[in-house]
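A.B. asks: Predicted model follows, preceded by the sequence.
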Amino acid sequence: MKKILEQELRYGINSKIYFILVMFLCGLFGVILFLNYSSVTELYQEYEGLINYYEKNNLNIEEELNNEYIVETSENGGTIINPIVYYNDALSKYIYAASSEYRLSQLLESSILYFPIVFGLLGLVISTNDYKYRTIKLRTVRINKNRLGLAKQISIAISSFIIIVVSLLFAYIVGEIMYQYLAGKIPIKDFPIETDTFGDRSSIFLKFFFAYIIALLFAEIGYTFGILFKNMYVGIIIIFVYTFIIPNLGVYDLKNTIFYFANQIFDFYGVISADVSENTGFISSFFIILLTFILSFVVNNIVFKKRSSFES
């Protein structure tokens, strides 16, 4: 088993699939960092415009800042009462999301958006590489199918962990550079972070664990699609359509359960947000995710074992 596992991990390294996925995930994390940076700069421009308006009309800025804002919505749109407080609070929130205290949390929050594609792709590549290069006959003659399939899935679990950690490290460093650049353009100290306002629903370790579970879940789903269809394209299209196009189907939808846990674990102070889950709770959500894991594992093992190694 150890030798087979080493072969699978070596394939991921030599084929540069791990490197490609790290770069891909870093790029996606970079999008989040850039969107948060852009939100801060745009909000600050609006805030400066309001400050100039208040000063030009001799209005009491401090008095307004001590009050609260109200957002009134109607069929024709919405109105913000006391907008200077709204922009002040929004700036504080987005600056906090970009800061070193919260940056990792925001990157992990993007797991609900990005990890299905990134790690679904990982599972697809690992499950189809022997079919692609026509090495399945040679390998299954020399290696028990059950052991080969298990080694592939263990390699996915190990490589997923490494890809997440390395990508987070690079993205965190880039985020710090962007934050320091932002601090040179905007008086960040004028928008202090109130720890009572910006609390954490859970520890960073629980957030990382949940993100890792999402990665493993969709890697297993991708692996199963790869075994079923023997090519990457059908599986990645299904995962993409399900993740980004099909709406939340309700209580028994896997996305709905992910949204439920995401809203319990993540804080969403930055540019990421999760839909509100529908009519679900901890037990039902837990079992839906667990059953998805089990069903995927059982299906891909049965198909892989029963299929002839001489099929192309």
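C.D. replies: Okay, I see it.
A.B. asks: What helix or strand is Ser259 located in?
C.D. replies: Careful, residue 259 is Phe; it's not Ser. Counting by DSSP states H and E, the element that carries Phe259 is helix 254-265.
A.B. asks: What is the subsequent helix or strand relative to that helix?
C.D. replies: Once helix 254-265 ends, the next helix or strand along the chain (criterion: DSSP H and E) is helix 282-306.
A.B. asks: just checking, what packs against that following helix?
C.D. replies: Using 3 or more CB pairs under 8 Å, 6 or more residues apart in numbering; DSSP states H and E as the contact criterion, the elements in contact with helix 282-306 are helix 145-185, helix 204-229, helix 254-265. Every residue, glycine included, has its C-beta placed from N, CA and C.
A.B. asks: Just the angle for the longest one relative to helix 204-229, thanks.
C.D. replies: It refers to helix 145-185. Computed by axes from the mean of the first three to the mean of the last three CA atoms, to 10 degrees, the angle separating helix 145-185 from helix 204-229 equals 130 degrees.
A.B. asks: Same check on the shortest one?
C.D. replies: Relative orientation of helix 254-265 and helix 204-229, computed by the same axes, to 10 degrees: 170 degrees.
A.B. asks: Would you mind listing the buried residues in helix 254-265?
C.D. replies: Buried residues in helix 254-265, defined by neighbour count with 16 or more other CB atoms under 10 Å: Leu254, Lys255, Asn256, Thr257, Ile258, Phe259, Tyr260, Phe261, Ala262, Asn263, Ile265.
A.B. asks: ok, the residue nearest the centre of the chain to Arg134 distance?
C.D. replies: Ranked by distance to the mean C-alpha position of the chain (CA atoms, centre = their mean), the top residue is Ser111 at 1.2 Å. According to CB to CB, to the nearest Å, Ser111 stands 35 Å off from Arg134.
A.B. asks: ok, back up a step: list of residues touching the helix holding Phe259?
C.D. replies: 109, 112, 201-202, 206-207, 210, 214, 217, 242-243, 248-250, 274-278, 280-282, 284-286, 288-289, 292 (CB atoms under 8 Å, 6 or more residues apart in numbering).
A.B. asks: tell me the mean pLDDT over that helix?
C.D. replies: The predicted model assigns helix 254-265 a mean pLDDT of 93.
A.B. asks: where does the protein dip in pLDDT?
C.D. replies: In the prediction, the chain carries residues with pLDDT under 70 at positions 72, 74-78, 141, 194-197, 308-312.
A.B. asks: May I have the residues that are in contact with Ser284?
C.D. replies: Contacts for Ser284 (CB under 8 Å, 6+ apart) come out as Val251, Thr257.
A.B. asks: how much space between it and Asp253?
C.D. replies: The span separating Ser284 from Asp253 equals 11 Å under the rule CB to CB.
A.B. asks: still on that earlier bit, which one of the buried residues of helix 254-265 is nearest Asn58?
C.D. replies: Lowest distance from Asn58 to the buried residues of helix 254-265 (CB to CB) belongs to Asn263, with 44.2 Å.
A.B. asks: ok, now how distant is that closest one from Ser273?
C.D. replies: 9 Å.
A.B. asks: Leaving out chain neighbours, which residue sits closest to Ile61?
C.D. replies: Spatially, and ignoring its direct neighbours in sequence, Ile61 is nearest to Tyr54 (4.9 Å; CB to CB, 6 or more residues apart in numbering).
A.B. asks: Tell me the first helix or strand C-terminal of whatever helix or strand the one you found lives in.
C.D. replies: Secondary-structure element containing Tyr54, defined by DSSP H and E: helix 17-56. Past helix 17-56, heading to the C-terminal end, the next element that is a helix or strand (DSSP H and E) is helix 61-65.
A.B. asks: Can you mark which positions in that following helix are buried?
C.D. replies: Neighbour-count burial for helix 61-65 flags Glu64 (criterion: 16+ other CB under 10 Å).
A.B. asks: Same question for stretch 184-203.
C.D. replies: Of the residues in stretch 184-203, those with enough neighbours to count as buried (16+ other CB under 10 Å) are Ile186, Ile188, Phe191, Phe198, Asp200.
A.B. asks: and which of the residues you listed is nearest Ala98?
C.D. replies: Of all the buried residues of stretch 184-203, Ala98 sits closest to Ile188, with 9.1 Å by CB to CB.
A.B. asks: Correct me if wrong: the closest one contacts Gln180.
C.D. replies: No. Under the criterion of CB atoms under 8 Å, Ile188 makes no contact with Gln180, lying 10.0 Å away.
A.B. asks: thinking again about what came up before, could you tell me how far the closest residue to the residue nearest to the centre of the chain other than its chain neighbours is located from Pro187?
C.D. replies: Distances taken as CB to CB, 6+ apart place Ala211 nearest to Ser111, at 3.7 Å, with adjacent residues excluded. Using CB to CB, one obtains 33 Å as the distance from Ala211 to Pro187.
A.B. asks: now do Ile193
C.D. replies: For Ile193, the distance to Pro187 equals 14 Å [CB to CB].
A.B. asks: With Leu124 instead?
C.D. replies: Applying CB to CB to Leu124 and Pro187 gives a distance of 48 Å.
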